[in-house]
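> turn this into a structure:
(one chain, ligands or ions: 1)
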Amino acid sequence: MSDSNTPTAETLANSKCVPCEGGVPKLTPDQAAGFARATPNWSVDSDANQIRRKLNCKTFAKAVERINQICEIAEREQHHPDLHLTGYRHLEIVLTTHAIGGLSENDFILAAQIDRLLDDQ
Ligand SMILES: C[C@H](O)[C@H](O)[C@H]1CNC2=NC(N)=NC(=O)C2=N1
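A predicted model of the protein is given here:
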């Protein structure tokens, strides 16, 4: 992806996820790297099939509050992260598009919307 095609965090956060039931190619590692420039809080896995962000919350209750806020975004967008709450207050958010076994633009849209939620508070 050329720089001129690289989306910004704002464009991604203001975009809507497109329903995906497969039949489209997953992003190539290069395409994923292009999107990832807009979402620097997220790391792209070495196989470029997932992105993840870790949150160290102050309390268990805060972590559960985050899960509920993320749930609201995911339900609105009909695109859903895997959420791992371990060590009672460490939340890891993992995004992939299950229908295609890899990353799609939807994952970066959700990542940018989650970033907007987290930066706001
Ligand atoms: C039609 C609708 O978009 C699909 O069933 C969605 C629901 N949420 C989803 N979430 C994620 N992460 N991957 C999917 O493939 C997926 N499929």
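> how about the residues of the protein by the ligand?
Within the chain, the positions adjacent to the ligand are 19-21, 78-80, 97-99 by CB under 6 Å from any ligand atom. Just so you know, the C-beta spots here come from the backbone N, C-alpha and C atoms, and that holds for glycine as well.
> give me the buried subset of those.
20, 79-80, 97 (16 or more other CB atoms under 10 Å).
> where is pLDDT lowest across these?
Least confident by pLDDT among these: that is Cys20, with 92.
> OK, contacts around it?
Applying CB atoms under 8 Å, 6 or more residues apart in numbering, we find Cys20 in contact with 79, 97, 99-100, 104, 106.
> for those residues, which one is nearest the ligand?
Ala99 (3.4 Å; CB to the nearest ligand atom).
> let me know the helix or strand that the nearest residue to the closest one once chain neighbours are set aside is in.
Distances taken as CB to CB, 6 or more residues apart in numbering place Gly22 nearest to Ala99, at 4.2 Å, with adjacent residues excluded. Under DSSP states H and E, no helix or strand contains Gly22.
> then Phe35?
helix 29-36.
> which residues touch that helix?
Under CB under 8 Å, 6+ apart, the answer for helix 29-36 is 1, 5-7, 12, 27, 42, 44, 48, 51, 103, 105, 108.
> that one: what's the following helix or strand?
Next along from helix 29-36, by DSSP H and E: strand 43-44.
> this protein: strands as residue ranges?
43-44, 51-56, 82-86, 90-95 (DSSP state E).
> for these, state which one has the densest average packing.
strand 90-95 (a mean of 18; mean count of other CB atoms under 10 Å).
> what pLDDT does the model give the residue nearest to Ala99?
For Gly22, the predicted pLDDT is 91.
> now do Thr6
Reported pLDDT for Thr6: 82.
> re the thing from before, which of the buried ones among the residues of the chain next to the ligand sit farthest apart?
Cys20 and His80 (11.3 Å; CB to CB).
> distance of the closest residue to Ala38 other than its chain neighbours relative to the ligand?
In this structure, Ala38 finds its nearest non-sequential neighbour in Ala9, 4.8 Å apart by CB to CB, 6+ apart. Using CB to the nearest ligand atom, to the nearest Å, Ala9 is found at 20 Å from the ligand.
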